[in-house]
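**Student:** Task: produce atomic coordinates for the following.
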Amino acid sequence: MLVALLVIALATIVVYRTSTGWRPHLQADAPPPLLKIDPNVATWDELASLPEIGPTLAKRIVEYRRQRQDAGAARPFASEEDLDKVPGIGPRTLEEIRPYLSFN
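**Tutor:** Residues are numbered from 1 along each chain as shown. From the prediction side, this is the model:
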């Protein structure tokens, strides 16, 4: 009986946090990231590890970067705003990943 109550309580917490958009890694008092990445040279895996990016957007970033480099751009991303040109990345995503980016 106690196990059943615990399972129900945990399920309720998970459903509540999912439905309200609760994301612990985005809390205001969260520490800054230890490492920042440069999207001009980052690997697909590094990009995919960023919050809100994942494998699909990481692939788009790498593909956009490759296209721009093929067109002669030495550094396709001069600032985080340049990432907005990648399909699927908008102002909200930029705000989420800004602390993790470096443009050296």
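**Student:** list the contacts for Glu80?
**Tutor:** Leu94, Ile97, Arg98, Leu101, Phe103 (Cβ atoms under 8 Å, 6 or more residues apart in numbering). (Each C-beta comes from the backbone N, C-alpha and C, glycine too.)
**Student:** just the buried members of the residues you listed?
**Tutor:** By neighbour count, with 16 or more other Cβ atoms under 10 Å, the contacts of Glu80 hold Leu94, Ile97, Leu101 as buried.
**Student:** Out of those residues, the closest to Glu52 would be?
**Tutor:** Ile97 (6.3 Å; Cβ to Cβ).
**Student:** Show the backbone phi and psi for Leu57.
**Tutor:** Main-chain torsions, Leu57, degrees, to the nearest 10: phi -70, psi -30.
**Student:** can you tell me how far it sits from Gly72?
**Tutor:** Distance of Leu57 to Gly72, given as Cβ to Cβ, to the nearest Å: 24 Å.
**Student:** Between those two, which is the more surrounded one?
**Tutor:** Leu57 (20 against 6; other Cβ atoms under 10 Å).
**Student:** show me the contacts for that one.
**Tutor:** Leu47, Ala48, Val86, Gly88, Ile89, Thr93.
**Student:** Give me the buried positions along stretch 40-59.
**Tutor:** Under the neighbour-count criterion of 16+ other Cβ under 10 Å, stretch 40-59 has Asn40, Ala42, Glu46, Leu47, Ala48, Leu50, Glu52, Ile53, Leu57, Ala58 buried.
**Student:** Secondary structure added to these, as a markdown table?
**Tutor:** A markdown table is the format used below for the buried residues of stretch 40-59 (DSSP: H, G, I helix; E, B strand; the rest coil):
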| residue | secondary structure |
| --- | --- |
| Asn40 | coil |
| Ala42 | coil |
| Glu46 | helix |
| Leu47 | helix |
| Ala48 | helix |
| Leu50 | coil |
| Glu52 | coil |
| Ile53 | coil |
| Leu57 | helix |
| Ala58 | helix |
